[in-house]
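In: I'd like to go over a predicted model; first the sequence, then the structure.
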Amino acid sequence: MTDTKAIMQRFGINVKADDIRPLGNGLINDTFKVTTPGDEQPDYVLQRINHNIFTDVDCLQHNIEAVTGHIRKKLRDEGISDISRRCLEFVKDSETGKTYYFDGDSYWRVMVFIKDAYTYETVNAEYSYYAGLGFGDFQRMLADIPDRLEESIPDFHNMEFRLQQFRDAIADDKAQRVAEVGDLIGQLLERADHACLAERLHREGSLPKRICHCDTKVNNMLFDAEGNILCVIDLDTVMPAFVFSDFGDFLRTAANTGAEDDPDLDNVNFNMEIFESFTKGYLEGAGSFLLPVEIDNLPYAAERFAYMQAVRFLTDYLNGDTYYKITYPGHNLVRTKAQFKLLRSIEANLDRMKAVVEKYRK
């Protein structure tokens, strides 16, 4: 059994073992709330990093340290007073000076707990606007970061890489399922060239990579008691990416009127109210630094991520369901069809989406 009290001592924090209790329901890392006695020091959050997913923890923490350090500098320059509530702060190992500790089996890190802060699961027009504003401002503050960041998960949002995995799965046909989904494969491959537009624009030199969050959900922001945005959290996937990652990935889930694995495709459509609210907030937050090519292609970002996820689900189905957890036979195929229906709904709304972007661009 892990001695979490001893791990906290590595970070110069002395607490009793029963002051460390599980926190939240995160799917990746194991998270604990550390309550300290009195008011002399803050409470803390202790996390065991899932190094099966984040295989280079040194790179992971370097990215996070660079990002949080730059945001704190930006906030100071902008005259923000409550910086400790506006940016995550990580504690250093008292012996190594690193923001993580390896106990021989697991990697651990500690951050300061932000009091009187709240997260929300609600995805409606109001909170979609807040999400757009928060993540857009997050990108804005990092647009001039001097540090070089690496991908904490290599090829995470690389469309060409995901398509190569898809084509390999078709060629290998490990689960003997290609024949039954030939029409769906064909429709996805017909769209492959368009889906890789971002990679081509980047090679041509017209589309930059920015520092993006890459896991844009409403519950990855903290709010104060009055409903004001405090800061963006869950920084493990912060890495160089196209701005389309933060824009499109949010809409893939938030603007879907059905479930990601909805078996009733009549439930699955693209919610234009959510799109408009998120776009309004995002362009308020990020519009000052975005290039015209980035703004012009925001509707494409929504297409790209519904398409990418359909490809990933079908790839796993063809490989015999080895990556995504399934709860019944054919689950990944149901997911694929739901994502493809969402993609077709996005395609049908492209003209309306372009009009919304023009409405709110600076």
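Out: Perfect, thanks for sending it.
In: low-scoring stretches of this structure, by residue?
Out: Applying pLDDT under 70 to the chain picks out residues 1, 27.
In: quick one: the helices in it?
Out: Here the chain has its helices, by DSSP state H, at 4-10, 57-77, 83-86, 125-142, 159-172, 182-190, 192-195, 197-204, 244-254, 272-286, 292-296, 298-318, 331-348, 350-360.
In: State the distance from the most centrally placed residue in the chain to G26.
Out: The structure's the chain has its C-alpha centroid closest to D215; by C-alpha atoms, centre = their mean the separation is 0.6 Å. Distance, D215 to G26, using C-beta to C-beta, to the nearest Å: 11 Å. C-beta here means a position set from N, CA and C on the backbone, and glycine is covered the same way.
In: quick one on the thing from earlier: the residue nearest to the centre of the chain touches F250, doesn't it?
Out: No: counting by C-beta atoms under 8 Å, D215 stays clear of F250, with 9.3 Å between them.
In: excluding its backbone neighbours, what's nearest the residue nearest to the centre of the chain?
Out: Excluding the flanking residues, the one nearest D215 by C-beta to C-beta, 6 or more residues apart in numbering is T237, at 4.6 Å.
In: Might you report the residue contacts of that neighbour?
Out: T237 is in contact with 152-153, 156, 213-215, counting by C-beta atoms under 8 Å, 6 or more residues apart in numbering.
In: buried ones in stretch 118-125?
Out: Using 16 or more other C-beta atoms under 10 Å as the test for burial, stretch 118-125 gives 120, 123.
In: Give me the distance between the two termini of that stretch.
Out: End-to-end distance of stretch 118-125: 18 Å, with C-alpha to C-alpha, to the nearest Å as the criterion.
In: Residues in contact with that stretch: which ones?
Out: Taking C-beta under 8 Å, 6+ apart as the rule, stretch 118-125 contacts 127, 218-225, 233, 253-254, 273-274, 276-277.
In: Which among the residues you listed count as buried?
Out: The buried subset of the contacts of stretch 118-125 - by 16+ other C-beta under 10 Å - is 127, 218, 220-223, 233, 253-254, 274, 276-277.
In: Which two of the residues you listed have the greatest separation?
Out: I233 and E276 (25.5 Å; C-beta to C-beta).
In: if we can go back for a sec, any chance of the buried ones among the contacts of stretch 118-125 in CSV, with distance to Y100 too?
Out: What follows is those, written out as CSV (distance: C-beta to C-beta, whole Å):
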residue, distance to Y100
Y127, 32
V218, 28
N220, 21
M221, 24
L222, 22
F223, 28
I233, 17
T253, 30
A254, 32
I274, 37
E276, 41
S277, 37
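In: and which of those residues is nearest L197?
Out: T253 (21.8 Å).
In: which residues sit in contact with that closest one?
Out: 123, 217, 260.
In: Closest to R203 out of the residues you listed?
Out: Looking across these and measuring by C-beta to C-beta, the closest to R203 is K217, at 30.1 Å.
In: Counting neighbours, what do you get for the closest one?
Out: Neighbour count for K217, taken as other C-beta atoms under 10 Å: 17.
In: Surely it and F250 touch.
Out: Yes: because the distance of 7.0 Å satisfies C-beta under 8 Å, K217 is recorded as touching F250.
In: okay, and the common contacts of the two?
Out: Counting by C-beta under 8 Å, 6+ apart, the common neighbours of K217 and F250 are A131.
In: May I have the phi/psi pair for N349?
Out: phi -110, psi 10 (degrees, to the nearest 10).
In: Quick check: nearest residue in space to it, chain neighbours excluded?
Out: Of all residues not flanking N349 in the chain, F270 sits nearest, at 5.4 Å (C-beta to C-beta, 6+ apart).
In: who does the one you found bridge with?
Out: Beta-bridge pairing for F270 (DSSP bridges): N256.
In: and it, what does it touch?
Out: With contacts defined as C-beta under 8 Å, 6+ apart, F270 is in contact with 251, 255-257, 302, 342, 345-346, 348-349.
In: cool, P299 as well?
Out: Residues in contact with P299 (C-beta under 8 Å, 6+ apart) are 346, 350, 353-354, 357.
In: Swap in 10 Å and give it another go.
Out: 247-248, 251, 275, 279, 346-347, 349-357 (C-beta atoms under 10 Å, 6 or more residues apart in numbering).
In: tally of neighbours for A355?
Out: A355: 11 surrounding residues under other C-beta under 10 Å.
In: quick one: it from E276, how far?
Out: Separation of A355 from E276 (C-beta to C-beta) stands at 10 Å.
In: Can you tell me which of the helices of the chain is nearest to A117?
Out: Closest among the helices of the chain, using C-beta to C-beta: helix 83-86, at 7.0 Å.
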